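> Just need the structure, nothing else, for what follows:
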Amino acid sequence: MISELRFYLKKYKLLAFFFYVQTTLFFLMIGTFIIFMDQLNYESKSLQNIYEGKAIYQLLDNYYEGSKYAEFTSQPDYLIRLKKYYTELNTAEDFQYLAMFNHHILLKDEDIHPRFIYNYEQGKQAYQRELENEEFITIKSFQLNKQVIDFFDLNVTEGILLDEEHFKYSSEVMPVLLGSSYREFYEVGDEINIIYYFKSIPVKVIGFLEENSKVYFENQPEFYLDNYILLPYIEYNDPLTGVDEKFQQINYFARINGYVVTDDNPIATQSLFPKIDAIANKASISYSYIGMNPHFHQYRGLMTVLIENKVLVQSIFIFSSVLYFIIINIILLLQQKRRLSFFAIHFINGATKFKLVKMLWAEIGTSLFAGYITSCIIFSQILIIGNLRVYLYLLLTCITMIIISTLFPAYKLLTKPFDFHNEDKGENL
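As a prediction, this is how the structure comes out:
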């Protein structure tokens with residue numbers, strides 16, 4: 001049967017190659033659809049799990065004007081009040097408080113990859129600073145509290161997550177998480193020095209985030225953390241120097257402008273701000289809020305886009321798949337019609353009809369399976385997408401197509417006698 005298959009591929013090489021290309025494109029289309037739908041379902045479920053049934057508001061301090069800021073920070077107990085306000089928000093049981101900010105840090109300029117540099121995507125020149133005869137450069141960083149990790153369900157592929165103990169002050173080193181892109185440059189346990197709000201701090205890598213980890217931050221519904229260094233919002237002790245005080249002042253002002261999350265029902269939302277008012281009054285802090293955080297509205301719009309895209313993609317896929325399948329089967333039918341005379345000759349020479357069916361199956365199956373293998377190689381080695389589940393679906397599709405494509409010709413071979421006069425005509429066409 002192998003020699004017959006070799007003869008077939010040699011004699012009909014152009015048609016076989018054309019069919020091979022068509023089946024490869026067909027499997028690429030199906031695989032791309034499966035991957036896209038998986039991602040679409042993941043995104044929609046991820047959004048729903050995070051935001052479904054939630055009301056989100058952003059808190060703002062009222063000290064953004066220079067004179068008000070200077071007046072507030074001139075009071076001897078201002079830092080105590082800031083810490084008290086943040087701690088009450090962070091430990092409240094009636095709502096979740098998400099403290100997060102993306103202020104850059106400085107790292108030694110040692111051939112750092114551009115994707116880690118702050119504002120690299122905006123085309124801005126990296127800020128460099130010389131300290132103690134060493135060059136430092138601005139690096140992307142993201143500061144957060146423990147509730148951000150829990151709310152957005154952040155996880156690591158290596159090492160450990162930041163836990164409650166990591167948010168308590170330690171005089172040794174600060175534990176940090178690195179985005180997945182850092183895995184080729186650092187290892188768990190590595191220690192480096194950073195400049196964080198003008199203060200030199202030793203940090204230790206405790207884990208790497210999963211690839212494509214993201215939060216929904218400011219005006220970005222998908223704020224990816226792959227290229228970021230994540231710093232915990234640590235609860236600092238009383239400052240010992242003026243530098244420490246200035247550092248904590250900036251740090252705590254950043255973290256009190258966070259997001260409040262509660263259940264999206266009248267009882268929860270109506271009782272939310274009396275509770276925050278009580279916390280603010282207790283710490284003598286003046287604040288305001290943005291009703292329904294902007295990125296929550298973007299979530300709803302994004303969900304609509306995802307659903308509409310899902311229906312559109314499904315419609316295009318079904319139409320394209322049916323069209324492709326019809327074209328492929330027309331090619332097969334025309335091809336096998338020309339092959340009947342060849343089968344007739346084998347039948348005259350003593351081949352059984354079951355052997356002819358095997359030959360038919362080998363011819364069709366080889367082309368389809370070659371297209372399947374090629375598409376898997378393209379997905380895994382060139383496009384670098386897909387997984388075992390996608391390849392399994394493609395394999396099942398390939399097997400189904402082989403069965404369907406050989407069913408009618410096999411039935412004709414097994415049940416109908418050869419018309420040798422017409423077969424001769426067919427071969428001469």
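
> Please look at residue 233 and residue 145 and confirm they touch.
Yes. Contact criterion CB atoms under 8 Å: residue 233 and residue 145 qualify, at 4.6 Å. Bear in mind the C-beta positions are built from the backbone N, C-alpha and C, glycine included.

> which residues do the two both contact?
99, 167, 255 (CB atoms under 8 Å, 6 or more residues apart in numbering).

> Please work out how many residues are found near the last one.
The tally of other residues near residue 255 (other CB atoms under 10 Å) stands at 22.

> Contact partners for it?
Under the criterion of CB under 8 Å, 6+ apart, the contact list for residue 255 reads 86, 99, 101, 143, 145, 233.

> can we see that at 10 Å?
The contact partners of residue 255, taken as CB atoms under 10 Å, 6 or more residues apart in numbering, are 82-83, 85-86, 89-90, 97, 99-101, 143-145, 233.

> Next: the second one.
Applying CB under 10 Å, 6+ apart, we find residue 167 in contact with 90, 144-146, 149, 175, 232-235.

> Farthest pair within the residues you listed?
Using CB to CB, the contacts of residue 167 span at most 17.9 Å, a distance reached by 90 and 175.

> Who has more neighbours out of these two?
Taking neighbours as other CB under 10 Å, residue 90 and residue 175 compare with residue 175 leading, 23 against 20.

> Am I right that that one sits in a strand?
Yes. Assessed by DSSP: H, G, I helix; E, B strand; the rest coil, residue 175 belongs to a strand.

> Name the secondary structure element that contains residue 158.
Residue 158 is located in strand 156-159, with elements delineated by DSSP states H and E.

> now that strand, how far from the centre of its chain.
In terms of CA atoms, centre = their mean, to the nearest Å, the centre of strand 156-159 is found 16 Å from the chain centre.

> Just the buried positions in the longest strand along the chain, please.
The longest strand of the chain (DSSP state E) is strand 199-209. Residues of strand 199-209 classed as buried by neighbour count (16 or more other CB atoms under 10 Å): 201, 203, 205-209.

> Quickly list the domain ranges of this structure.
Here the chain is described, according to automatic domain parsing, as comprising the domains 2-45+302-428, 53-293.

> about what we covered before: can you put the buried residues of strand 199-209 in TSV and add distance to residue 322 and pLDDT?
Converted to TSV, these look like this (distance: CB to CB, whole Å; pLDDT from 0 to 100):
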residue	distance to residue 322	pLDDT
201	61	89
203	56	92
205	52	94
206	52	95
207	47	95
208	44	96
209	42	95
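
> Out of those residues, which comes closest to residue 320?
Checking those one by one against residue 320 (CB to CB), the nearest turns out to be residue 209, at 36.5 Å.

> can you pull the contacts of the closest one?
So residue 209 contacts 149, 154-159, 161, 177-183, 224-226, 228, 230 (CB under 10 Å, 6+ apart).

> In three-state terms, label the residue nearest to the spatial centre of the chain for me.
Centroid-nearest residue in the chain, with CA atoms, centre = their mean: residue 212, separated by 4.1 Å. Assigned by three-state DSSP, the conformation of residue 212 is coil.

> could you point out where the stretch 251-400 of the chain is predicted with low confidence?
The stretch 251-400 of the chain contains residues with pLDDT under 70 at 291-310, 313, 332-354.

> residue contacts, residue 170?
Here residue 170 is in contact with residue 234 (CB under 10 Å, 6+ apart).

> State the distance from residue 237 to residue 203.
Using CB to CB, to the nearest Å, we find residue 237 at a distance of 18 Å from residue 203.

> thought residue 404 was touching residue 325?
Yes. Counting by CB atoms under 10 Å, residue 404 does reach residue 325; the two are 8.5 Å apart.

> before we move on, the earlier item: may I have the strands that pair with the strand holding residue 158, each with its orientation?
Counting by DSSP bridges, the strands paired with strand 156-159 are strand 199-209 (antiparallel).

> Now the element after the strand it pairs with, going C-ward?
Downstream of strand 199-209, the next assigned helix or strand under DSSP H and E is strand 214-217.

> Now that next one: buried residues?
Residues 214-217 are the ones in strand 214-217 that count as buried (16+ other CB under 10 Å).

> Could you do stretch 172-184 as well?
174-183.

> end to end, how far does that stretch reach?
26 Å (CA to CA, to the nearest Å).

> ok now it, how far from the chain's centre?
Mean-position distance between stretch 172-184 and its chain equals 19 Å (CA atoms, centre = their mean).

> ok, now stretch 61-80?
Taking CA atoms, centre = their mean, the mean C-alpha location of stretch 61-80 is offset from the chain mean by 41 Å.

> what does it rub up against?
The contact list for stretch 61-80 (CB under 10 Å, 6+ apart) reads 81-82, 84-85, 236, 238-239, 245-246, 248-249, 252-254, 256-257, 280, 283-288.

> May I see the PyMOL selection of the buried members of those?
Buried members of these, defined by 16+ other CB under 10 Å, are picked up in PyMOL with:
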select buried, resi 81+82+84+85+248+249+252+253+254+256+280+283+285+287
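
> out of the contacts of stretch 61-80, which are inside helices?
When the contacts of stretch 61-80 are checked against helices (DSSP state H), the matches are 81-82, 84-85, 245-246, 248-249, 252-254, 280, 283.

> so where do the helices sit in the protein?
Assigned by DSSP H, the helices in the chain fall at 2-11, 13-51, 66-73, 78-90, 146-151, 242-255, 266-283, 294-348, 353-377, 388-415, 420-428.

> number of nearby residues for residue 406?
Residue 406, neighbours per other CB under 10 Å, totals 21.

> same question, residue 357
Using other CB under 10 Å, residue 357 is surrounded by 17 other residues.

> What separation do you get for it and residue 101?
69 Å.

> tell me the pLDDT at the closest residue to residue 328 other than its chain neighbours?
Residue nearest to residue 328 in three dimensions, not counting chain neighbours: residue 22, with 5.9 Å by CB to CB, 6 or more residues apart in numbering. Listed pLDDT for residue 22 reads 83.

> where does the stretch 1-150 of the chain have low pLDDT?
In the stretch 1-150 of the chain (pLDDT under 70), the answer is 1-9, 11-12, 39-52, 109-110, 123-128, 130-132.

> For residue 226, give its distance to residue 317.
Residue 226 is 29 Å from residue 317, by CB to CB.
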